[in-house]
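[1] Give me a 3D structure for the following:
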Amino acid sequence: MQLIIVESPTKAKTLSKFLGNDYTIEATLGHIKDLPKSQLGIDVAKNFKPEYAFIEKAAGAVDKIKKAAKKASKVFLATDPDREGEAISFHVKEVLAADGKIKRIVFHEITKEAVEEAISHPREIDKNLVEAQIARRVLDRLVGYKLSPLLWRKVRRGLSAGRVQSVAVRLIVEREREIKAFKPDEYWEISCEVKPKGKKDRNFIVSFVGTKDKKTEVKNGEDAARIVGHLKKAGYSVSNVEKREVRKNPYPPFTTSTMTQAGARIFGWSAKKTMSIAQRLYEKGSITYHRTDSTTIAASAITKVRDFIKNTYGQEYLPDKPHFYKTTSKVAQEAHEAIRPTNLKVHGEDVKSKKYGHDAQTLYDLIWRKFVASQMVPSLYDETVIDVVAKNKENYLLRASGQQIKFDGWRKVIPSKKDEDAAPELPDVSAGEDLKLIKVDSQQKFTEPPARFNEASLIKTLEKLGIGRPSTYAPIITTILFRNYVEKTEGKFFPTPVGVAVNDFLMKNFPDVFDYQFTAEMEDDLDKVADGKVEWTGSIKKFWSPFSKKLKSVGDHSKRVKIEVQKLGKACPKCKKGELVVRIGRFGKFVSCSRFPECDFTEKYVEKVGMKCPKCKKGDVIVKKTGKGKRFFGCSRFPDCKWASWRNPKQEKTQNIEPKP
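    Numbers count the residues shown, from 1 in each chain. Model prediction:
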């Protein structure tokens, strides 16, 4: 009998379906060892030696693994193909005692072929990957356990700091300040509706570009009125018509970053939800490993997808050669393949039939389409650009452009949304042809401030800066929300007063530690440890020496930070002297007296939308939360009025639902 050890029971169950009775499969239920919760667990005097302890809840799983290992002729450590998985295997091997029958196997998809191939090519534990995981764990523990007490003293008790999470908060705080400091600039858009003279052809819109010699920006109403006056009296003719074929290449298959961005952008899912669904699909054997920053595709998978495209869609949809994509991540590591389906014959409905749930079917279908489309021919468009001259006191240039699909190519698998590729159909006109003016239109507009971060744009920015890795994007966002450093409203991130205070304190006193470039360089150092290029203790020492000195200096000399509070404009009902303010505690917002701690009055905070209930017309629309922390809108008179909606009625029509208790 041979023993295979994985992390999850679901993964074990999937393996048992195609491995015979010669194999026993046990699950560790995640990590079996970690740094202790109640103490630092790192001996900074002895080269940062970590003091790992057994995780109490893993005791039962460890006992089962020990018993099974005694009966096994061979033991295969088959945890996930990344640093975390390598560390789990390392700790399991320590528990079982190292001998010749324990080997490490790695596979990126849970299929019969992949697992059998891995079993036929076992290896030893990769110590470099283990040390990279240890280095990250030690680094994060040093920052968290040393900075948190400082925050308690200088900002507020109960706070904590994270090396990468604090950088994410910094991004959100700085973006909010950009938005508040933004001063909009006025500009005008001018367009003309014209039609060919003497033809029963369609009208079309041309947009004002400038004079015939240069582009002109219209920045005020006076200039706009002057130009509109000239255009109304002008004569119009086509000066140039340019037609060309445009090719649009397919996008690469998903990485962790692009998959979580798509989940947020298309479905409104959190990164945590997308990764949780992907985890389930991976453990069921439906997709390849979902923690990856590589766009590489295995040669065998390319062969299969090319055959599938040819047989399903026809030779015209198959390129002469496979597409290879350049990985955008600075250092692609962890798993070494993009996310793809393991069996192309399994479609979205097939996944649903396996009782994965609607969300799993939806994500699988997106992964399937993205992968197949990535190996198809480009889509082709006919693009037409018409330049029009309006002759009056000045010769003005106006322009129209249109694009019509000629051959769908990869769009056969991922059809464009309505209006995504749509451009106005333009009439067939020639240079020198006269046009008739129908009307002139002008619109005043103002430049917009930079957009607030949502989950998709925050992950994209972190990846661009080289901060974080595939396994950390979702935990980063979950952590900063849980700590109430930021809050999410209508899908956008807003910093809380606590988040602003913590960010300002850290940036003032530890600018080097939370610098974007420094954080990215630390990630690069961890990658070098994984590649065996540097010793992990050297990287930690380089960080710890100046950091520890700075800790003492800041602790001795920095001033306490005051957290801004939101004033409600009401007197405290208890002391009659203070004013009611909104504070943020460990469990979210609450109302208290401004004279705290002299006055200890508190009450529950109720967030009002600013309108009456659309059903009863008596209560206020307030923001509520479910047991899972999900926001919805309800009537303040509940249960007398049971109106509720997931959508903000102030912004769009509501869909009434009954909130779950």
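[2] got a list of what Tyr516 touches?
    Listed by Cβ atoms under 8 Å, 6 or more residues apart in numbering, the contact set of Tyr516 reads Val167, Leu465, Ile467. The C-beta positions use only the backbone N, C-alpha and C, and glycine is treated the same way.
[3] which one of the residues you listed sits closest to Lys243?
    Leu465 (41.4 Å; Cβ to Cβ).
[4] How much space separates Met259 from Lys195?
    Computed as Cβ to Cβ, to the nearest Å, the Met259 to Lys195 distance reads 47 Å.
[5] Show me how this protein divides into domains.
    The record's domain parsing of the chain by automatic domain parsing lists 2-125, 140-181+454-557, 186-249+379-446, 256-374, 565-605, 607-661.
[6] Was I right to think Leu171 contacts Ser457?
    No - look at Leu171 against Ser457 with Cβ atoms under 8 Å: they stay out of range, at 9.7 Å.
[7] okay, those two: which has more neighbours?
    Using other Cβ atoms under 10 Å as the criterion, Leu171 and Ser457 rank with Leu171 on top: 21 against 18.
[8] Do you know the pLDDT at the more buried one?
    In this prediction, Leu171 carries a pLDDT score of 97.
[9] returning to that earlier point: okay, Met259 and Lys195: which has more neighbours?
    For Met259 and Lys195, the more surrounded residue by other Cβ under 10 Å is Met259, and the numbers stand at 28 against 18.
[10] The helix or strand the more buried one falls within: what's the following helix or strand?
    When elements are assigned from DSSP states H and E, Met259 belongs to helix 256-262. Once the chain leaves helix 256-262, the next helix or strand it forms, by DSSP H and E, is helix 271-283.
[11] Can you name every helix or strand that that following helix contacts?
    Helices and strands touching helix 271-283, by 3 or more Cβ pairs under 8 Å, 6 or more residues apart in numbering; DSSP states H and E, are helix 9-18, helix 256-262, helix 358-374, helix 473-482.
[12] try 10 Å
    When contacts are defined as 3 or more Cβ pairs under 10 Å, 6 or more residues apart in numbering; DSSP states H and E, helix 271-283 packs onto helix 9-18, helix 256-262, helix 358-374, helix 455-465, helix 473-482.
[13] Can you tell me the closest non-neighbouring residue to Pro253?
    Nearest residue to Pro253 in three dimensions, chain neighbours excluded: Ala338, at 3.9 Å (Cβ to Cβ, 6 or more residues apart in numbering).
[14] Okay, the one you found and Arg631: tell me how far apart.
    According to Cβ to Cβ, Ala338 and Arg631 sit 34 Å apart.
[15] So these two - more neighbours on which side?
    Ala338 (28 against 15).
[16] quick one: His91 from Arg137, how far?
    Distance, His91 to Arg137, by Cβ to Cβ: 12 Å.
[17] For Ala520, which three-state class applies?
    Following DSSP: H, G, I helix; E, B strand; the rest coil, we place Ala520 in the helix state.
[18] Please apply the same query to Ser442.
    Three-state call for Ser442 (three-state DSSP): strand.
[19] hang on, the earlier thing: which neighbours do His91 and Arg137 share?
    Listed contacts common to His91 and Arg137 are His31, Asp34, Tyr52; contacts here mean Cβ atoms under 10 Å, 6 or more residues apart in numbering.
[20] Any idea how many residues pack against Asp22?
    8.
[21] quick one: contacts for the nearest residue to it once chain neighbours are set aside?
    Closest residue to Asp22 apart from its sequence neighbours, by Cβ to Cβ, 6+ apart: Gln2 at 6.0 Å. Each residue near Gln2 by Cβ under 10 Å, 6+ apart is listed here: 19-20, 22-25, 72-76, 101, 119.
[22] Now for those residues: which two are most distant?
    Farthest-apart pair in the contacts of Gln2 is Gly20 and Lys101; separation 19.1 Å (Cβ to Cβ).
[23] Look at these two and report which has more neighbours.
    Lys101 (14 against 7).
[24] Nearest spatial neighbour of the more buried one, chain-adjacent residues omitted?
    Closest residue in space to Lys101, ignoring its immediate chain neighbours: Lys74 at 5.2 Å, by Cβ to Cβ, 6+ apart.
[25] Could you give the bridge partners of that neighbour?
    On the basis of DSSP bridges, Lys74 is bridged to Gln2.
[26] What's the separation between it and Thr14?
    Distance, Lys74 to Thr14, using Cβ to Cβ: 20 Å.
[27] which one of the two has more residues nearby?
    For Lys74 versus Thr14, neighbours defined as other Cβ under 10 Å are more numerous around Thr14 (21 against 16).
[28] That one contacts Thr111, doesn't it?
    Yes - between Thr14 and Thr111 a contact is recorded at 9.3 Å, counting by Cβ atoms under 10 Å.
[29] Quick check: pLDDT value at the residue nearest to Pro253.
    For Ala338, the pLDDT comes out at 95.
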